[in-house]
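Q: Sequence and predicted structure are below.
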Amino acid sequence: MTIGVLKESSPETRVSLLPEHVAIFKKLNVNVFVELNAGENAFVADQKYTEAGATVVSREDVLKNSDVLLSINNPASGDIDFLQSKILLGNYQPLYNYFLMQKFAEKNTTVFSIDMIPRTTRAQSMDVLSSQANIAGYKAVLLAANMFPKYFPMFMTAAGSIPPAKVLILGAGVAGLQAIATARRLGAVVEVFDTRPAVKEEVMSLGAKFVEVEGAADASKAGGYAVVQSEEFLQKQKMRIAESVAKSDIIITTAQIPGKPAPILITTDMLDKMKNGSVIIDLAAATGGNTSMTKNEEIVNYNGVNIVGNSMLASSMPYDASKLYGKNIANFLQLIIDKEGKLNLNFDDDLVKGTCIVHDGKIVNEKVANLKSN
């Protein structure tokens, strides 16, 4: 059996597997083909892949000669014709890409989207959303610190005192918790809002203040995502967030709802009350953003407030992001490859079944299939 690693298109800098992950499959007698220069943006030379036992070839050779193809993002349109009866594994956001999934079905491609893996204890070692969100939360605070025209920590000097920066973090998932920890290490005062009361203890243990709003819908089974809330709760939420936004210097937003646009948590009225020089890093930009002015992959200056729409911050640390992502992928692949190095699609395994989007010429994931009628 052969696994093929494709080079990602710009602006993506990560790669699906590093040489250290190739060694795992060589022990299983699985061949690994790597596209020429696939790892260059993650600071990994082709020679390193060769030394690890992989074969470095052209993109066409990877596509033609691999049984399982790895690409972090959706493959290029020109690749579709090569995917007939292949297995494709990556991070494809199928809830936002129904028509692409339908194209894969027409090509009889079996598609595993690792971002859809059930978020259970057993799946933690394969959870790419968590491994990459951890990096995004860290980088979001560093990016904000670089853009913010003041200090983060408090300083008391002979020339006067500098108050600490006030940071508001909307969403205490993996990205939010890492953002809290990073902002606190830099000396900021941190407030956190989340609709899940269960995260209060974690937030406070990191030294942040938890902003509570009563009456939230239960989000315990949403896999770390936000859920649709009642109108009454949304009004309470809006008032409490508005109070915190007005006094904040830095805001990190992370709230997303699977298959739906990201909720607008910061309205134009709220932005109007923010101080000049304030910075918002919107990690939900790819699905619309958490502010009314967010534009994906752009920096918008609104009345002196810089709003950064960036859902790809993990790619700004390409080597470590690839290291973690590749380990997630290697762990998952070992669920569908037996000890003899042969393919074994065991759909009795809840992780294999839950991650599979397309198989046998049809969309098999219920949530994605239901999008056709919406």
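A: Yep, that arrived. Numbers count the residues shown, from 1 in each chain.
Q: Flag the shaky bits of the stretch 151-300 of the chain, pLDDT-wise.
A: Residues of the stretch 151-300 of the chain meeting the criterion pLDDT under 70: 215-229.
Q: Please enumerate the helices of it.
A: Along the stretch 151-300 of the chain, counting by DSSP state H, counting those that start in this stretch, helices occupy 174-185, 200-205, 231-247, 268-272.
Q: Pull the residues that contact the longest one.
A: Helix 231-247 is contacted from outside by 166, 168, 170, 191, 193, 195, 211, 213-217, 229, 251, 265-267, 269-271, 273-274, using Cβ atoms under 8 Å, 6 or more residues apart in numbering. For every residue, glycine as well, the C-beta is placed using N, CA and C.
Q: Sort out which of these are in strands and list them.
A: Counted as lying in strands by DSSP state E, out of the contacts of helix 231-247, are 166, 168, 170, 191, 193, 211, 251.
Q: Mind giving me the ChimeraX command for buried ones among these?
A: Only the buried entries of the ones in strands among the contacts of helix 231-247 go into this ChimeraX selection, using 16 or more other Cβ atoms under 10 Å:
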select :166,168,170,191,193,211,251
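Q: Domain-wise, how is the chain divided?
A: The record's domain parsing of the chain by automatic domain parsing lists 2-116+317-364, 134-316.
Q: so which of these gets nearest residue 128?
A: Relative to residue 128, the nearest member of the domains of the chain by Cβ to Cβ is domain 2-116+317-364, separated by 4.7 Å.
Q: Residue 74 contacts residue 103, doesn't it?
A: No: contact criterion Cβ atoms under 8 Å: residue 74 and residue 103 do not qualify, at 10.1 Å.
Q: Those two: which is more packed in?
A: Between residue 74 and residue 103, counting by other Cβ atoms under 10 Å, residue 74 is the more crowded of the two (20 against 14).
Q: In contact with the more buried one: list those residues for me.
A: Counting by Cβ under 8 Å, 6+ apart, residue 74 has contacts 90, 92, 97, 100.
Q: And the pLDDT at the closest residue to residue 98 other than its chain neighbours?
A: Nearest non-adjacent residue to residue 98, counting by Cβ to Cβ, 6 or more residues apart in numbering: residue 371, 4.4 Å away. What the model reports for residue 371 is a pLDDT of 86.
Q: residues touching residue 371, list them.
A: 95, 98, 259.
Q: Of these - the most surrounded one?
A: Counting neighbours by other Cβ under 10 Å, residue 95 leads those with 21 neighbours.
Q: ok, now which ones touch that one?
A: By Cβ under 8 Å, 6+ apart, the neighbours of residue 95 are 116, 258-259, 367-368, 371.
Q: same thing but at 10 Å, please
A: Contacts for residue 95 (Cβ atoms under 10 Å, 6 or more residues apart in numbering) come out as 101, 113, 115-116, 257-260, 287, 357, 365, 367-368, 370-371.
Q: Tell me the buried residues within those.
A: With neighbours counted by 16+ other Cβ under 10 Å, these contain buried members at 101, 113, 115-116, 257-259, 287, 357, 365, 368, 371.
Q: Out of those residues, which comes closest to residue 2?
A: Residue 2 lies nearest to residue 113 out of the buried ones among the contacts of residue 95, by Cβ to Cβ, at 21.1 Å.
Q: Nearest residue to the closest one in space, ignoring adjacent ones along the chain?
A: Distances taken as Cβ to Cβ, 6+ apart put residue 92 closest to residue 113, at 4.3 Å, once the chain neighbours are dropped.
Q: ok, now residue 362?
A: With sequence-adjacent residues excluded and distances taken as Cβ to Cβ, 6+ apart, residue 362 is closest to residue 105, at 5.4 Å.
Q: same thing with residue 90?
A: What sits nearest to residue 90 in space, not counting adjacent residues and going by Cβ to Cβ, 6+ apart, is residue 71, at 4.7 Å.
Q: give me the number of residues near the one you found?
A: Burial measure for residue 71: 25 neighbouring residues, criterion other Cβ under 10 Å.
Q: For it, give me its contacts.
A: Under the criterion of Cβ under 10 Å, 6+ apart, the neighbours of residue 71 are 4-9, 12, 15-16, 35, 38, 62, 79, 88-92.
Q: Just the buried subset of these, please.
A: Buried among the contacts of residue 71 by 16+ other Cβ under 10 Å: 4-8, 12, 15-16, 35, 38, 62, 79, 88-92.
Q: Could you list which of the residues you listed belong to strands?
A: 4-5, 35, 88-90.
Q: Could you export those as TSV, including pLDDT?
A: Output for these, formatted as TSV (pLDDT from 0 to 100):
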residue	pLDDT
4	98
5	98
35	98
88	98
89	98
90	97
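Q: and which of those residues is nearest to residue 337?
A: Taking Cβ to Cβ as the measure, residue 89 is the one of those closest to residue 337, at 11.4 Å.
Q: With adjacent residues omitted, what lies nearest to the closest one?
A: Of all residues not flanking residue 89 in the chain, residue 112 sits nearest, at 4.6 Å (Cβ to Cβ, 6+ apart).
Q: In a helix, the one you found, correct?
A: No: secondary structure of residue 112 (DSSP: H, G, I helix; E, B strand; the rest coil): strand, not part of a helix.
Q: In contact with it, which residues?
A: Counting by Cβ under 10 Å, 6+ apart, residue 112 makes contact with 68, 87-90, 92, 329, 332-333, 335-336, 345, 351-352, 354-359.
Q: pLDDT score assigned to it?
A: The predicted local confidence for residue 112 is 98.
Q: on that earlier part again, any chance of a markdown table for the buried ones among the contacts of residue 95, columns distance to residue 236?
A: Compiled in a markdown table, the buried ones among the contacts of residue 95 are given as follows (distance: Cβ to Cβ, whole Å):
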| residue | distance to residue 236 |
| --- | --- |
| 101 | 38 |
| 113 | 35 |
| 115 | 31 |
| 116 | 32 |
| 257 | 18 |
| 258 | 24 |
| 259 | 25 |
| 287 | 24 |
| 357 | 37 |
| 365 | 35 |
| 368 | 33 |
| 371 | 31 |
